[in-house]
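A.B. asks: fold the following and give me the result.
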Amino acid sequence: MVLIQYRALSDILKVFGIYFLISNCIEILALFLAENKISNLFLFHINTVIEFWFLVIFFYVCDRKYGKPFPLIPVLLQGLIIIVANSIFVQKIDMFNSYSATLVNLVLLIFSFRFFFVTMDVDVNKELKIVKLIVSCLLLVFGTSLVVLLFSNAMLSIATTYQLFIWDFRGILILSTKVIFGLTFAKLLFESRSKTLQL
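C.D. replies: Next up, the predicted model:
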């Protein structure tokens, strides 16, 4: 759907659409590897880079249109250096990259709050309404993931049943937001086709 209506999307939704498409492909590949008993931990490292890179650009494009943009290149380069250094020297690709994932979630959570602050007094049009829905979902995901990652070691002391419940809750939340994103793009596709038929 993202590819079909790509040209009709705004710059903001184009960036997020590409991220949404790539992240889903990575998750499908991770599931395939897991079902075939092949380690998929390296994909977490790749996904962290992609998530950071595309969503920082997403928030930059949002700020460029609706607020005051931040210095994009320094943020991207510093984040990339930290993520790659963690994957090479600390938590290698055969390990879960909880340190860099925690940092990325924290940074993107801050950008989410910053977005709502800078758009507080901006008149809400159709695009901004969609973007606010997307950022609201991202904020929930980043906030939940950050709490889980920060207290992952502490959770080892509680019963396995509760640990699984927490991780399952996070998984359901992520899946729900992806469904919302998918329905949002489907609605945009339907509306664009309806306008074409009317013409």
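
A.B. asks: which helix or strand lies directly C-terminal to the lowest-mean-pLDDT helix or strand in the chain?
C.D. replies: Averaged element by element with mean pLDDT, DSSP states H and E, the chain has its least confident helix or strand at helix 152-155 (a mean of 74). Next along the chain after helix 152-155, taking DSSP states H and E as the criterion, comes helix 160-198.

A.B. asks: would you indicate which residues of that following helix are buried?
C.D. replies: I166, R170, L173, I174, T177, K178, F181, T184, F185, L188, L189 (16 or more other C-beta atoms under 10 Å). (Each C-beta comes from the backbone N, C-alpha and C, glycine too.)

A.B. asks: what sits against the residue nearest the centre of the chain?
C.D. replies: Compute the mean C-alpha point of the chain, and by C-alpha atoms, centre = their mean the closest residue is E51, 5.4 Å away. Applying C-beta atoms under 8 Å, 6 or more residues apart in numbering to E51 gives the contacts Y19, S23, V104, L108.

A.B. asks: please redo it, this time with the cut-off set to 7 Å
C.D. replies: S23, V104 (C-beta atoms under 7 Å, 6 or more residues apart in numbering).

A.B. asks: ok, the one 5 residues further on next?
C.D. replies: V56 is in contact with V75, L76, G79, counting by C-beta under 7 Å, 6+ apart.
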